[in-house]
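Novice: give me the fold of what follows.
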Amino acid sequence: MDLAITLAEAIRNGGSVDIDAVSQPDLVEAYAIQSTILARLGIDPKGCKLSLRSDGVLRAPLLSVTEAASFSHEPGLKLEVEIALVLGRDLPHRAEPYGRPEIRDAVAGVHIGIEFVRSRYAGGPQGRTALLVADLMSNAGYRVGPALEASVLDEGRAADDLRVTAGNQSLFDAPGVHPDGNPLAALVAYANEAGRPDGTLRQGMVVTTGSLCGGLGILAPGIVTIALGQTTWSLEVFG
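Specialist: The predicted structure follows:
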């Protein structure tokens with residue numbers, strides 16, 4: 001079974017893949033599968049998601065990046081509230097490492113970001129990193145919301161309260177703590193990775209680096225409201 005073709009079809013038609021019916025790629029193959037999926041779907045990605053790990057940074061393209069306050073519901077859909085970083089200039093490879101202040105200066109906009117995620121594997125990737133990466137790290141689409149104060153990128157800053165509701169149901173109500181301690185950490189690390197592909201960090205791209213609330217199940221269509229600190233945003237998950 002060609003994993004790239006199978007995953008592309010599952011993304012296209014909302015289907016799922018039997019994880020035991022596919023061979024496990026290595027990480028290099030998984031990134032090649034990402035590229036094949038994008039080509040089959042005709043997508044030129046406008047952003048990427050980064051996940052900082054002890055041995056480096058995992059990456060995946062975002063299938064869609066828009067400011068539309070709506071998204072189509074599908075079974076298994078989850079929502080993650082994130083910090084969307086909009087690059088104001090290219091960050092090309094170079095011999096001199098990028099420092100955190102320079103990376104921060106390269107971020108032209110900071111927004112609430114909503115990532116919709118759905119694993120295309122029935123039962124999820126089951127801790128198999130390369131399979132997760134091949135599946136675009138479960139990305140189903142991304143929505144860029146209202147602007148936030150740039151101070152959310154300050155090191156040591158206390159997390160803002162985050163409240164997420166779906167209709168009258170509370171999905172999350174606690175401080176929105178970033179898994180890396182700060183939204184910039186993974187971007188700084190990735191910008192300095194010698195092996196990253198050319199053109200991955202370009203002006204205008206949206207970069208997201210982790211959820212403030214984990215994945216919140218969206219069981220049915222409806223209105224979802226996100227309140228992060230003093231900023232509130234509502235969007236429709238429609239059937």
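Novice: drop to CA atoms for contacts and neighbour counts, all remaining ones
Specialist: Noted.
Novice: show me the beta-bridge partners of the residue lying closest to M137 once chain neighbours are set aside.
Specialist: For M137, ignoring the flanking residues on the chain, the nearest one in space by CA to CA, 6 or more residues apart in numbering is A60 at 6.0 Å. Taking DSSP bridges as the rule, A60 bridges to K49.
Novice: test my guess that A60 contacts S35.
Specialist: No. Look at A60 against S35 with CA atoms under 8 Å: they stay out of range, at 9.7 Å.
Novice: okay, these two: which has more neighbours?
Specialist: Taking other CA atoms under 10 Å, A60 and S35 do not tie; A60 has more neighbours (22 against 18).
Novice: show me the contacts for the residue minimising distance to the centre of the chain.
Specialist: Closest to where the C-alpha atoms of the chain average out (CA atoms, centre = their mean) is K49, at 4.0 Å. Listed by CA atoms under 8 Å, 6 or more residues apart in numbering, the contact set of K49 reads R59, A60, P61, L62, V207, T208, T209, G210.
Novice: before we move on, what about G204?
Specialist: Contacts of G204 by CA under 8 Å, 6+ apart are K46, V86, L87, G88, R89.
Novice: just the pLDDT for the first one.
Specialist: Read that as K46. At K46, the pLDDT value in this model is 97.
Novice: OK, contacts around the closest residue to it other than its chain neighbours?
Specialist: Using CA to CA, 6+ apart and skipping residues adjacent in sequence, the residue nearest K46 is M205, 5.3 Å away. Contact analysis of M205 by CA under 8 Å, 6+ apart lists K46, G47, C48, V86, L87.
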